[in-house]
Every structure is written in structure tokens, then in C-alpha cells.
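K.L.:
Output the structure for:
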Amino acid sequence: MMNPSLLRSFWKAVSEISYSMLLSLPDLDLSQVIIQKVTDRMILNAQEAQDLDIYLNSRLLLIRDLAEHV
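P.N.:
Residues are numbered from 1 along each chain as shown. Alright, predicted model coming up:
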């Protein structure tokens, strides 16, 4: 489970990515961009990195759906 700080950092990172990138990048590339943005802000321990990866992969469709409707 992601802690609140990591969750905020995740969604802030997503909001900073252009809509065209959110829609056009393949899943793996988009995941890497988001993870890089989060890790630029904070140091993650192994559990947080795993939680982030799981959360991110479960939210990719939602992220793309939100980007389509903005």
C-alpha cells in the first residue's frame, strides 16, 4: 500500500506530463517516465518502489482515460 506522500508525488508526476505523452507512449515507457519523475523527488526504499510499480501498473488505463477527457 502506498503511503500518502508517495501517492501525492505519483499523481503530481502524472499531472506534469503532457497529455500527448500520456496518450502516445507505450506502457513501459510511460511507466519509466512516471517512476523517474517520482524518484527525482524522493528516495524510495525497496517496498515503496514495489508499491509504486504495482500501483502504477494498475492505474495506466485510468491515467490514459483521464488524459483523453481533458
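
K.L.:
longest helix anywhere in this structure?
P.N.:
helix 46-68 (DSSP state H).

K.L.:
residues of it that come out buried?
P.N.:
For helix 46-68, the neighbour count (16 or more other C-beta atoms under 10 Å) marks 48, 51, 52, 56, 59, 63, 64, 67 as buried. Backbone N, C-alpha and C define where each C-beta goes, glycine included.

K.L.:
Reformat these into a markdown table and put distance to residue 22 and pLDDT next to each item.
P.N.:
Shown next, in a markdown table, are these (distance: C-beta to C-beta, whole Å; pLDDT from 0 to 100):
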| residue | distance to residue 22 | pLDDT |
| --- | --- | --- |
| 48 | 23 | 97 |
| 51 | 21 | 97 |
| 52 | 17 | 97 |
| 56 | 13 | 98 |
| 59 | 12 | 98 |
| 63 | 6 | 98 |
| 64 | 6 | 97 |
| 67 | 4 | 96 |
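
K.L.:
Need these in JSON lines (columns: distance to residue 33).
P.N.:
Listed next are those as JSON lines, based on distance: C-beta to C-beta, whole Å:
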{"residue": "48", "distance to residue 33": "18"}
{"residue": "51", "distance to residue 33": "18"}
{"residue": "52", "distance to residue 33": "13"}
{"residue": "56", "distance to residue 33": "10"}
{"residue": "59", "distance to residue 33": "14"}
{"residue": "63", "distance to residue 33": "11"}
{"residue": "64", "distance to residue 33": "13"}
{"residue": "67", "distance to residue 33": "13"}
